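[1] structure of the sequence below:
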Amino acid sequence: MYHSGFRRSSREWFSSLPACLLLLSVVLFSTSSDIHNQMLHIGQQMWSGYYKLRTDPVQPECNYKVDIDAAVERELAQRQAQDDPMAAMLGETQVNPADVRTAVERKVEDCRQSHLQYEQIKDKLTPGVKIYRSVELFVADLIAFGLKAQKFILIILVMLCAITATVTRHHIAMRAMETRLDYTVSHVLQTIANVMLLGSSAIFRQSSLNVQGNLTSQELLLHNMWVIGFAALTLASLYRLFRVPDDLREGGKLGKAFLAVPLYTVMCLISGSYFILIGHSSGIGIYLGKMMELSDMFLNVSLYVWVGMMLKQTRLATLVFNVFRPWHMPPELLAVVAVLVAAIPTAYTGASGIFVIAAGAVIYSELRAAGARRHLALAATAMSGSLGVVLRPCLLVVIIAYLNREVTTDELFGWGIWVLMLTAAMFCTVVMTVNRQSRLDLAPASTALPAMIQALKPLIPYVLVMAGVVLVYRFGLNVTMDEFSAPRLLPVIMLGILIYEHVGLKNNRGRTRGEINHQGLERSVRFATNDTTAEIGALLLLFGLSVSIGGVIERSNVMSLFPETFGSVWAAMLLMVVLLVILGMIMDAFGAIILVSATGGR
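    Numbers count the residues shown, from 1 in each chain. Prediction:
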């Protein structure tokens, strides 16, 4: 239980607060680029040739007030003094005085223009221009610093959140730890995997020093941060290994215990063992280093996770369900509606897993309250985070286009509409026909429609907040809402919604059915960031090891076992569907995409 004031847990001080500041810095750095572009545009509109005013002009050293005739005579005399006796023998003609005069006149004119331009720029450098220029150059320096700091922010975020996920037991696995045997097996293997990561990073650092000689200070710092981070992660797993929780049952089965091992651990053990056997111990470190080449993409994933966790702290999911509640839909129809409506927020929270974490509890509880069977409620909750992954601006599609240059986001999102319609039709058909236990009776429209309209009213302020942020970016910064700008716009939108709820619900809590008791802005952001840190650590570590597994598949020539060409497009499609379904069952969507792309996409 949290008390008033600033009494926070150690996790919040040392994990959530730094992670929140890092995520805010990413939003700040990315937004500052938009601000800078707009400032350059405004500067050009206010002062023609503003790009010349960005630096103080340097007074030309040449003198344009010269006697041209005297200058020509000096030039001719100088050239005659430098004449080569061999020139005549080689057929060279004497210098033409007219050409010399033309060159001197051109030089004097260029000098005069330089002085004129200097005076014009100096006259334009008013105090207002200097103040504006100082602000604009500060923003430019901020952008440059953000670009340089991007890789360091990613490493700190990965290591900080991975340690948090380890300490709080939030790594992604096939099943949760329920017994002491599950716990022991999981953390023993985690410790071994973390030692592998530490050793591989240290060996990669040393080999880089031996091969490249003098590393730049930035490269050496990146190597050192990886080593320090994995050392801390190893200590965290050792700490958890010897601090067994009291809520675990005794006993357990070894087969089930292995299912409780985090997926990143399994991938690390496989790839680490392979690289050690082929005498390439630094392999994991090398492939983890490739994360730095895609640092902006991985930071966008982190921002989407944060957006999803902030969505979890709002009333939006409950208010949307309130809109459909007056119709008294049967559970099967309500499940279909929930899946279809959830497609939109899924697209804006990046991926299926993030949305299910953010709104899955509300969807499941609402379906159960409507009389849905447990399996139907679970299926609808899982599907609620699946349809929207093919809609703009979902980050999954952006990553696919980013890693596979043969397709564009426009092409993928264009076909995504058809995939959405096909999947929705199949889900609706199965739910409404297979083992349906409720009659398709809806409330009369005369009763349900007015209540539905009344339930829409609480959503209007949320729409206005979203539209307000989008319009500010559109007309203030000339940034439209698309798949490329969404990672930096969505956190601002969610913060705006939390601010609205903090102000608007301060004295009006819990009046809507099923509505959460709003905790205030600070607590909402804090709790959202608490959830975010563990999720980011689990996801990004899984992504990095997915790249490593891709390296193993590539080096071991496993892909050569498959035919390079198929006689039928349908056979190739069937094989791809089977492989991707298997990957999707055991991996997060982001990790599966990175793994498939890392193997060369064959």
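
[2] C-alpha only now, for contacts and for neighbours.
    Fine.

[3] now do the phi/psi pair for residue 249.
    phi -80, psi 160 (degrees, to the nearest 10).

[4] list the residues that contact it.
    By CA atoms under 8 Å, 6 or more residues apart in numbering, the residues touching residue 249 are 178-180.

[5] how about a cut-off of 10 Å?
    177-182 (CA atoms under 10 Å, 6 or more residues apart in numbering).

[6] I'd like to know how far it sits from residue 345.
    38 Å (CA to CA, to the nearest Å).

[7] ok, and for stretch 440-456, which residues are buried?
    Across stretch 440-456, burial judged by 16 or more other CA atoms under 10 Å covers 448-449, 451-452, 455.

[8] compare the contacts of residue 249 and tell me which is most surrounded.
    Within the contacts of residue 249, residue 182 tops the neighbour count with 26 neighbours, counted by other CA atoms under 10 Å.

[9] pretty sure that one is touching residue 258, no?
    Yes: taking contacts as CA atoms under 10 Å, residue 182 lies within contact range of residue 258: 7.2 Å.

[10] any common contacting residues for these two?
    Here residue 182 and residue 258 have residue 175 as joint contacts, going by CA under 10 Å, 6+ apart.

[11] quick check: mean pLDDT of the helix or strand containing residue 417?
    Residue 417 belongs to helix 409-433 when assigned by DSSP states H and E. For helix 409-433, mean pLDDT rounds to 90.

[12] switch to numbering from 27
    With the count now opening at 27, the last piece we talked about shows up as helix 435-459.

[13] can you list the neighbours in contact with it?
    Outside of helix 435-459, the residues within contact range by CA under 10 Å, 6+ apart are 357-359, 361-363, 365-366, 369, 402, 405-406, 409, 412-420, 423-428, 434, 462, 464, 466, 509-510.

[14] repeat that for stretch 70-88.
    In this structure, residues lying in contact with stretch 70-88 by CA under 10 Å, 6+ apart are 64-69, 133-134, 136-148, 150-151, 155-156, 158-160, 162-163.

[15] cool, and stretch 398-405?
    Residues from elsewhere that reach stretch 398-405, judged by CA under 10 Å, 6+ apart: 356-361, 365, 386, 389-397, 406-410, 457, 463-464.

[16] quick check, distance from it to the centre of its chain.
    For stretch 398-405, the distance between its averaged C-alpha position and the chain's averaged C-alpha position is 32 Å (CA atoms, centre = their mean, to the nearest Å).

[17] mind listing what's buried along it?
    Neighbour counts using 16+ other CA under 10 Å place 398, 402-404 of stretch 398-405 among the buried residues.

[18] then stretch 339-358?
    Judged by neighbour count (16+ other CA under 10 Å), stretch 339-358 contains these buried residues: 339-353, 355-358.

[19] of the residues you listed, which belong to helices?
    342-350, 357-358 (DSSP state H).

[20] closest one of these to residue 525?
    residue 342 (13.7 Å; CA to CA).

[21] check contacts around that closest one.
    Contacts of residue 342 by CA under 10 Å, 6+ apart are 348, 385, 484-485, 488, 523, 541.

[22] residue 50 too?
    With CA under 10 Å, 6+ apart as the criterion, the residues that contact residue 50 are 44, 56, 329, 514, 517-518.

[23] same deal with residue 69?
    Contacts for residue 69 were tallied using CA under 10 Å, 6+ apart; they are 63, 75-77, 79-80, 155, 158-159, 162.

[24] how about the residues you listed in JSON lines, adding distance to residue 312, pLDDT and neighbour count?
    JSON lines is the format used below for the contacts of residue 69 (distance: CA to CA, whole Å; pLDDT from 0 to 100; neighbours: other CA atoms under 10 Å):
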{"residue": "63", "distance to residue 312": "36", "pLDDT": "93", "neighbour count": "16"}
{"residue": "75", "distance to residue 312": "47", "pLDDT": "86", "neighbour count": "13"}
{"residue": "76", "distance to residue 312": "45", "pLDDT": "90", "neighbour count": "20"}
{"residue": "77", "distance to residue 312": "42", "pLDDT": "88", "neighbour count": "13"}
{"residue": "79", "distance to residue 312": "45", "pLDDT": "89", "neighbour count": "19"}
{"residue": "80", "distance to residue 312": "41", "pLDDT": "90", "neighbour count": "18"}
{"residue": "155", "distance to residue 312": "48", "pLDDT": "92", "neighbour count": "17"}
{"residue": "158", "distance to residue 312": "45", "pLDDT": "94", "neighbour count": "15"}
{"residue": "159", "distance to residue 312": "43", "pLDDT": "93", "neighbour count": "21"}
{"residue": "162", "distance to residue 312": "39", "pLDDT": "94", "neighbour count": "20"}
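
[25] from the contacts of residue 342, which single one is nearest residue 213?
    Looking across the contacts of residue 342 and measuring by CA to CA, the closest to residue 213 is residue 385, at 29.9 Å.

[26] can you give me the strands for the stretch 327-476 of the chain?
    Under the criterion DSSP state E, counting those that start in this stretch, strands are not mapped anywhere in the stretch 327-476 of the chain.

[27] give me the below-cutoff pLDDT ranges for it.
    Applying pLDDT under 70 to the stretch 327-476 of the chain picks out residues 376-379.

[28] same check on the chain?
    Along the chain, segments meeting pLDDT under 70 span 27-33, 106-121, 238-239, 376-379, 532-544, 585, 612-614, 617, 623-628.

[29] okay, now the domains of it?
    What automatic domain parsing lists as the domains of the chain is 94-150, 355-375+382-455.

[30] so which of those domains is the most packed in?
    Stretch with highest mean neighbour count among the domains of the chain: domain 355-375+382-455 (a mean of 20; mean count of other CA atoms under 10 Å).

[31] and it, how far from the chain's centre?
    Between the mean C-alpha location of domain 355-375+382-455 and the chain-wide mean there is a distance of 20 Å, by CA atoms, centre = their mean.
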